[in-house]
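*Asks:* fold the following for me, if possible:
(one chain, ligands or ions: 1)
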Amino acid sequence: MDTRADRLARAVRDHPLVIEERTDHRCVAGAHSYLADGRVVCWVLPARPSTDEPAQAHAVDAELATQPVPPRLRARWSEALEGGTDRFWALWCATEVLAKLADEPMVMLVHRAPVTASPVSRGGVEVHWLVRRVDDVVVAHGLSWATVVDRSRAT
Ligand SMILES: [Zn+2]
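*Replies:* Below is the predicted model of the structure:
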């Protein structure tokens, strides 16, 4: 069985992240997220994956696991904080990945409850995501597939 969740897990396993100083990073093809301490998190996937149903796009979002949660976010996403700061940033990063892949502003998504389950369908895409800890960084990886066929392109 080759599900989309499997493909995401494999992409994460086979294509490791680069986490380094932002000023040292040279890359054109990667998906990026910038940390508060000046580092960049970069995830590069091959342009032509060897599957018959390639993901439309990929994204990554990362935060420092131990940084404090800003008070305005504490108030808004109090339920996410019940699992601790780690849990909060995990859901934050997952929601940021959805924002990037569904092309919805994070400022809008913050007004709703955080994303807690994968996959999630929004804005014409199905987003599969997973969150993990890489040293002191919480990272969410996401892949998206279109849910709406663009018939205007058919002839
Ligand atoms: Zn890069």
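
*Asks:* same for whichever strand or helix holds residue 94, what does it pack against?
*Replies:* Residue 94 belongs to helix 85-102 when elements are defined using DSSP states H and E. Under the contact criterion of 3 or more C-beta pairs under 8 Å, 6 or more residues apart in numbering; DSSP states H and E, the helices and strands touching helix 85-102 comprise strand 57-64, helix 78-81, helix 106-109, strand 120-122, strand 125-134, strand 137-146. Any C-beta I mention is one placed from the backbone N, CA and C, and that applies to glycine too.

*Asks:* just name the most buried of the ones you listed.
*Replies:* Mean neighbour counts were compared across those using mean count of other C-beta atoms under 10 Å; the top stretch is strand 137-146, at a mean of 24.

*Asks:* now the angle between strand 57-64 and it, please.
*Replies:* Going by axes from the mean of the first three to the mean of the last three C-alpha atoms, to 10 degrees, strand 137-146 is angled at 160 degrees with respect to strand 57-64.

*Asks:* quick one: average pLDDT of stretch 107-125?
*Replies:* Across stretch 107-125, pLDDT averages out at 91.

*Asks:* meant to ask about stretch 67-84
*Replies:* Here the average pLDDT along stretch 67-84 is 89.

*Asks:* CA atoms of that stretch as CSV?
*Replies:* As requested, the backbone C-alpha atoms of stretch 67-84 are provided in CSV (Å, rounded to 0.1, in the frame of the first residue of the first chain):
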residue,chain,number,x,y,z
GLN,A,67,11.2,29.6,22.9
PRO,A,68,8.4,31.1,25.0
VAL,A,69,4.9,31.3,23.4
PRO,A,70,3.9,35.0,22.9
PRO,A,71,1.1,36.1,25.3
ARG,A,72,-1.3,36.9,22.5
LEU,A,73,-0.9,33.3,21.1
ARG,A,74,-1.2,31.8,24.6
ALA,A,75,-4.6,33.4,24.9
ARG,A,76,-5.8,32.4,21.5
TRP,A,77,-4.6,28.8,21.4
SER,A,78,-4.8,27.9,25.1
GLU,A,79,-5.9,24.3,24.3
ALA,A,80,-2.7,23.8,22.3
LEU,A,81,-0.7,24.8,25.3
GLU,A,82,-2.2,22.1,27.5
GLY,A,83,0.4,19.7,26.1
GLY,A,84,3.3,22.0,26.9
